[in-house]
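[1] Structure for the following, please:
(one chain, ligands or ions: 1)
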Amino acid sequence: MTIKELKPTCVWQIFDEITKVPRPSGKLDKIRAWLVDFAKKHNLEYKVDEVGNVAMFRPAAPGFENKKAVVLQGHMDMVAEKAASSNHNFDTDPIETIIDGEWVRANNTTLGADDGMGLAIALAAITDPDIKCGPMEALATVDEETGLTGASNIKADMLQGDYLLNLDSEDDGVITVGCAGGLVSIFKFNYKEIDAPADRLYFQINFAKFHGGHSGQDIDKGFASATKLIARLLCTLGIDFTLARIDSGNLHNAIAFTAETVIGIKPEDKERLAVAFNQFKADIENEYHVTEKAFEMTCKSVDAPAKAIDPDTACRVLMAAFAAPHGVASMSMEIKGLVETSTNLASIKMRGNQLVLESFSRSAVESRKYELVQQIETVMRLAGADEIIREGGYQGWEPRMDSNLLKLAVNSWEKLYGVKPVVEAIHAGLECGLFLKAAPHMEMISYGPTLQDVHSPAERCHIPAVQKGWDFTVELLKEIATL
Ligand SMILES: [Zn+2]
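    Prediction:
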């Protein structure tokens with residue numbers, strides 16, 4: 001049996017074709033040509049915009065001209081990951097699909113059901129003559145996986161609808177109604193390199209094996225930030241020291257799980273350092289005994305380095321890092337348990353003759369995001385930052401529990417499956433927020449059949465969930481057509 005024979009065949013046949021077309025992020029010419037071909041073959045009007053997004057349009061069925069217009073949307077790129085043992089070439093080879101019980105997976109590569117399955121559902125719907133409804137659009141965006149490029153650059157003419165169904169969620173029975181926007185802040189402090197005082201004893205302090213995690217989805221899980229901890233230790237040490245080196249955290253969208261510093265102290269303070277360090281370690285073990293079970297903190301004597309950071313700049317940067325907000329800033333009043341606004345103080349790095357701090361702030365509410373960003377900037381300004389940079393900002397999607405589309409979606413799900421779907425929002429980015437920027441009037445939901453281990457060679461798609469997701473899509477389109 002091949003996936004073409006799985007049910008619903010209208011969806012799996014299209015998915016099967018999609019898996020044969022190479023489409024790693026950034027290399028989308030082939031899949032774009034395939035999509036244009038698909039539109040032509042089915043006599044659908046289509047449009048390709050400047051960044052390469054493809055939209056196909058189907059007019060309303062006779063008698064449905066005044067009904068709401070619906071956009072079904074997925075992204076055309078996929079994450080290209082393979083096992084070390086695989087010879088797969090993502091630029092040229094089709095994905096080899098394998099039916100494994102209730103699941104479809106690939107042969108040691110990502111499957112690309114994220115978001116090939118979303119696209120397949122959109123294309124199956126727009127070509128299904130049995131669905132009688134208002135105008136329909138299928139929209140395939142580019143490079144969702146590498147910076148949301150397609151959605152960021154979309155214009156209103158590519159979003160011809162009242163409602164948008166984003167088919168890029170991965171949990172059967174869950175409807176997503178909100179996401180967070182984000183903004184990276186970068187702070188640069190120029191420092192003077194000085195000769196490391198030779199009359200000092202030098203110690204290397206290492207924090208390792210903290211849990212870390214996603215800077216949005218995990219920000220309320222109680223994990224420690226190694227960047228915050230290293231700043232806290234050095235600011236509260238109570239011992240005069242020379243900062244020779246600091247390197248903390250890494251990616252702006254990950255909670256820092258390692259940090260390292262080298263400091264020089266007066267020989268007579270050696271014992272005090274040992275006591276203060278051990279006390280700090282004991283405090284952290286106590287504070288994080290629930291969430292951080294594996295971390296390591298070490299302090300060991302090292303040779304004197306040649307150079308160090310001038311004490312004034314070192315002091316200002318460490319105090320700024322200690323004082324800067326980190327973690328949850330506010331919770332949603334619309335959805336219980338959802339983080340609305342947060343920030344992650346990600347890293348402190350030495351680059352050239354600069355100390356560079358990075359933080360990443362998120363919120364579903366734009367003004368809240370900027371409030372937090374400005375707060376952090378204020379701290380950095382007080383500390384005398386030489387450069388303050390905002391980068392890669394994108395808009396969030398505020399959950400609206402009173403949306404008409406959401407009501408129809410909940411009813412449709414309940415009608416089909418006898419239970420209410422879970423309605424949630426995520427504290428991470430989705431393309432939907434960016435669509436809102438181009439088409440602020442649109443109501444949106446995001447859903448999709450269950451996928452597991454996406455972005456890895458273990459990625460798999462749950463076969464029964466595809467049938468459910470398809471039936472739900474058809475039912476919802478019919479419901480919308482009754483409005
Ligand atoms: Zn995706």
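
[2] hey, let's count contacts and neighbours off CA atoms from now on
    OK.

[3] Okay, now the unreliable bits of this protein?
    For the chain, no stretch has pLDDT under 70.

[4] Contact residues of it facing the ion?
    The chain comes close to the ion at residues 114-115, as judged by CA under 5 Å from the ion.

[5] what separates the residue of the chain most remote from its centre from A465, distance-wise?
    Most distant residue from the mean C-alpha position of the chain: E268, 48.5 Å away (CA atoms, centre = their mean). E268 sits 67 Å away from A465 when distances are taken as CA to CA, to the nearest Å.

[6] picking up where we left off before, show the backbone phi and psi for the residue farthest from the centre of the chain.
    Listed backbone geometry of E268 is phi -70, psi -10, with angles given as degrees, to the nearest 10.

[7] what helix or strand does D114 sit in?
    helix 113-126 (DSSP states H and E).

[8] and the helix or strand following that helix, how far out from the chain's middle?
    The C-terminal neighbour of helix 113-126 among helices and strands, as given by DSSP H and E, is strand 136-141. On the basis of CA atoms, centre = their mean, to the nearest Å, the separation between the geometric centre of strand 136-141 and that of its chain is 22 Å.

[9] Just after strand 136-141, pick out the following helix or strand.
    helix 149-152.

[10] Doesn't S330 belong to a strand?
    Yes: inclusion of S330 in a strand is indicated when DSSP: H, G, I helix; E, B strand; the rest coil is applied.

[11] tell me the contacts of it?
    Residues in contact with S330 (CA atoms under 8 Å, 6 or more residues apart in numbering) are 339-342.

[12] With K349 instead?
    Taking CA under 8 Å, 6+ apart as the test, what K349 contacts is 246-248, 355-357.

[13] Please produce a PyMOL select command covering the buried subset of these.
    Buried subset of the contacts of K349, written as a PyMOL selection, criterion 16 or more other CA atoms under 10 Å:
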select buried, resi 246+247+248+355+356+357
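
[14] ok, so of the contacts of K349, who is nearest A438?
    L357 (32.1 Å; CA to CA).

[15] and that closest one, how far is that from A140?
    Between L357 and A140 the distance, using CA to CA, works out to 36 Å.

[16] Tell me the first helix or strand C-terminal of the lengthiest strand in the chain.
    Taking residue count as the measure and DSSP state E as the definition, the longest strand of the chain comes out as strand 339-351. For strand 339-351, the succeeding helix or strand toward the C-terminus, using DSSP H and E, is strand 354-363.

[17] distance of the residue lying closest to S25 once chain neighbours are set aside from R362?
    Spatially, and ignoring its direct neighbours in sequence, S25 is nearest to D77 (4.8 Å; CA to CA, 6 or more residues apart in numbering). Separation of D77 from R362 (CA to CA): 25 Å.

[18] Could you check which of these two has the larger neighbour count?
    For D77 and R362, the more surrounded residue by other CA atoms under 10 Å is R362, and the numbers stand at 34 against 26.

[19] Let's verify the closest residue to that one other than its chain neighbours: helix, strand, or coil?
    For R362, ignoring the flanking residues on the chain, the nearest one in space by CA to CA, 6+ apart is G182 at 4.3 Å. Applying three-state DSSP to G182 yields a three-state assignment of strand.

[20] what's near enough to touch G182?
    Residues near G182 by CA under 8 Å, 6+ apart: 360-363, 369, 392-396, 429.

[21] repeat that with 6 Å
    The contact partners of G182, taken as CA atoms under 6 Å, 6 or more residues apart in numbering, are 361-362, 393-394.

[22] Return the distance of it relative to D386.
    23 Å.
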